[in-house]
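[1] With the sequence up front, the predicted model follows.
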Amino acid sequence: MSTLSARIVEDMKTAMRAKDTVALNVVRALKSAIKYAAIEKLGADSDLDDPDAIIVVRREIKKRQDSVQSYESASRQDLADVEKAEIAVLEKYLPAAMDAGDLIKLVEAVIAETGATTKKDMGKVMKILQERTAGAADNKTLSAEVSKRLS
């Protein structure tokens, strides 16, 4: 069992003891999403390693961010606030965000390393960046930085 999965189980127990229904529901849903991803990727009796589990966490956060936008555009602030609370619970499972300066240096180094010059090369640059950041930066941020530097 990966360290993130073990932490999720412990946090679920803590939320049960504290009777924190929001955290409990979010952590249960996250545990389920990670298990489904593990089954899909590796088979029934398997666990995801931490980098793959972080991808699932990011996916769950993205779903909730999309819901927040939908609810706010429909003037349903009450539902948007619930989604924001869930995002706050999920963000605890992400690694510390990468500093903007370090991110820019890494993007420039990978572009130089791959010899990328056009947007056609963006795929190979993004693949390497995703491996090297290991969840410390989201794909949207990475993509924006790469797009700025490729013509």
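    Happy to help now that I have it. What you are looking at is a predicted structure, and each value in this text was computed from that prediction instead of being measured.
[2] From now on I want contacts and neighbour counts done on CA atoms only, so please keep to that.
    Fine.
[3] any residues touching the helix or strand hosting Ser70, and which ones?
    Using DSSP states H and E, the element containing Ser70 is helix 50-73. Residues outside helix 50-73 that contact it (CA atoms under 8 Å, 6 or more residues apart in numbering) are 2-5, 30, 33-34, 37, 77, 79-81, 83-84, 86-87, 90-91, 93-94, 134-135, 138.
[4] Just the buried ones from these?
    Buried by 16 or more other CA atoms under 10 Å: 4-5, 30, 33-34, 37, 80, 83-84, 86-87, 90, 93-94, 135, out of those.
[5] wait, which of those is closest to Glu108?
    Closest to Glu108 out of the buried ones among the contacts of helix 50-73 is Gly135 (18.3 Å), distances taken as CA to CA.
[6] From Ala15, how far out is that closest one?
    25 Å (CA to CA, to the nearest Å).
[7] do the same with Glu72
    In terms of CA to CA, Glu72 sits 28 Å off from Ala15.
[8] Between the two, tell me which one has more neighbours.
    Taking other CA atoms under 10 Å, Glu72 and Ala15 do not tie; Ala15 has more neighbours (17 against 14).
[9] okay but the more buried one is in contact with Ala23, surely?
    Yes: in this structure, Ala15 is within contact of Ala23 by CA atoms under 8 Å, at 6.1 Å.
[10] got the domain boundaries for the chain?
    For the chain, automatic domain parsing gives the domain ranges 3-91, 100-149.
[11] okay if I get these as a markdown table plus mean pLDDT?
    Converted to a markdown table, these look like this (pLDDT from 0 to 100):
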| stretch | mean pLDDT |
| --- | --- |
| domain 3-91 | 92 |
| domain 100-149 | 86 |
